[in-house]
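Engineer: Next come a sequence and a model predicted from it.
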Amino acid sequence: MRISLLVVKKISTITVIAGMLLGAGTWSALAQQKITSRAPAKVSALKVKDANIYNGENKPARLRGISLSWSIWGGRKYYNADVVKWLKEDFNVNLIRVSMAIEPENGYLSDPVGQEKLVTNTIDAAVKEGLYVLIDWHDHHANVNLQQAKTFFANISKKYAGVPNVIYEVWNEPERIAWDTVKNYATQVIQEIRKYDKNNIIVVGSPSWDQDVDVAAKDPITGFRNIAYSFHFYASDPGHQERLMAKADEALRLKLPLFVTEWGVGEANGDGVFDKDKTNKWLNWMERNGLSWANWNITDKEETTAILRPDASEKGNWTAEQLTPAGAYIRDVLRELNK
């Protein structure tokens, strides 16, 4: 998200019924669409093959879950095992994303020990619950923080090598910079991770806040296995409609493996309107293309994309009244799709 400071027991399938109602709108227009659902307590290793992500049974993997907010500010209090457990049991997620803040005060650059401890405790909780977990270097200027990123991912990949739950996201959202800059940064971090973890999926960003996936698709990173590319959108943002969807469609046409590591029901600043028709259209698009995703975000901040209302418990066990319209919508979607 852009901010103003730079600002399987065997896996089953379910059938999505066209026209299922969620509030005032329908999110699924896909009749009889077969989809792979939630991760079992013991997850299988993922791999990228033929521009798609597959599980250990060589079936398309469908990961759907929620992104924790920045690991500072109001989102920090939700980085705990109780919240992870509640998201699994009540929201039915099979994926969480830990969004480790980098540049802001109290982020990784100023508190590397504290931030690494916070996120690893949360990662460990997700692994214990049998969830997949995206480890996100939540930075807009990662290229100028390359050495710190290499240090962090070296530590993390040593710790989690061979743990199939783990997915590395090496740069949250590059801003308007050249793809060559992003590619060079990503290649160096990938090399560092692969010293210790030879197989787990690594997700690479693209310019313009992970929107220029069509540019990356024309010159992808080569020489490594299990590389995917993040794509971000905010469903109600006027600038995130047909043109942005077309860019992603072009990347898919060029066989670039996409992972929607962050998307929101509101606008790109995290606030704005929540347009259900536009959100349903984007959700159907992800389902139609078999993409995995993490919705933004677990926080009680007063903004459109927040899942929680102010003062919601730090330990989960949230009532319906403690969920925002976004939270209620996403909970319903996850409980249906990840049956």
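Structural biologist: That came through fine.
Engineer: contacts, neighbours, all on C-alpha from now
Structural biologist: Fine.
Engineer: Looks to me like residue 225 is in a helix.
Structural biologist: No - following the definition DSSP: H, G, I helix; E, B strand; the rest coil, residue 225 is coil and is not counted among the residues of a helix.
Engineer: so what pLDDT did it get?
Structural biologist: Per-residue confidence (pLDDT) for residue 225: 97.
Engineer: now do residue 42
Structural biologist: According to the per-residue confidence, residue 42 scores 78 in pLDDT.
Engineer: And residue 127, by the same measure?
Structural biologist: Per the predicted model, pLDDT is 98 at residue 127.
Engineer: residues touching it, list them.
Structural biologist: Taking CA atoms under 8 Å, 6 or more residues apart in numbering as the criterion, residue 127 is in contact with 133, 165.
Engineer: can you check residue 76 too?
Structural biologist: The neighbours of residue 76, taking CA under 8 Å, 6+ apart as the test, are 69-70.
Engineer: chain center to stretch 97-115, what's the gap?
Structural biologist: The gap between the average C-alpha position of stretch 97-115 and the chain average comes to 18 Å, counting by CA atoms, centre = their mean, to the nearest Å.
Engineer: So which bits of it are buried?
Structural biologist: Of the residues in stretch 97-115, those with enough neighbours to count as buried (16 or more other CA atoms under 10 Å) are 97-103, 106-109, 115.
Engineer: Would you mind giving the residues you listed as CSV with distance to residue 256, secondary structure and pLDDT added?
Structural biologist: CSV is the format used below for the buried residues of stretch 97-115 (distance: CA to CA, whole Å; DSSP: H, G, I helix; E, B strand; the rest coil; pLDDT from 0 to 100):
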residue, distance to residue 256, secondary structure, pLDDT
97, 21, strand, 98
98, 24, strand, 98
99, 24, strand, 98
100, 26, strand, 98
101, 27, strand, 98
102, 28, coil, 98
103, 30, coil, 98
106, 35, coil, 98
107, 32, coil, 98
108, 31, coil, 98
109, 32, coil, 98
115, 32, helix, 98
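Engineer: And those, which is closest to residue 136?
Structural biologist: Residue 136 has its nearest neighbour among the buried residues of stretch 97-115 in residue 99, at 4.9 Å by CA to CA.
Engineer: Let me see the ranges of the strands in the stretch 51-200 of the chain.
Structural biologist: For the stretch 51-200 of the chain, the strands defined by DSSP state E, counting those that start in this stretch cover 52-54, 64-70, 95-101, 132-138, 166-169.
Engineer: Which strands or helices does the shortest one pack on?
Structural biologist: Using 3 or more CA pairs under 8 Å, 6 or more residues apart in numbering; DSSP states H and E, the elements in contact with strand 52-54 are strand 47-49.
Engineer: ok, now the second one?
Structural biologist: For strand 64-70, the helices and strands in contact under the criterion 3+ CA pairs under 8 Å, 6+ apart are strand 95-101, strand 293-298.
Engineer: now the ones you listed as a markdown table including distance to residue 240?
Structural biologist: As requested, those are arranged in a markdown table below (distance: least, CA to CA, whole Å):
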| stretch | distance to residue 240 |
| --- | --- |
| strand 95-101 | 22 |
| strand 293-298 | 15 |
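Engineer: quick one: which of those strands is nearest residue 327?
Structural biologist: Put simply, out of the helices and strands packed on strand 64-70 the one that sits nearest residue 327 is strand 293-298, at 8.7 Å, with distance taken as CA to CA.
Engineer: Now find how far off-centre the closest one is within its chain.
Structural biologist: So, by CA atoms, centre = their mean, the centroid of strand 293-298 is 6 Å from its chain's centroid.
Engineer: closest one to residue 249 among the strands of the stretch 51-200 of the chain?
Structural biologist: For the strands of the stretch 51-200 of the chain, distance to residue 249 was read as CA to CA. The smallest value, 14.0 Å, belongs to strand 52-54.
Engineer: Okay then, goodbye and thanks.
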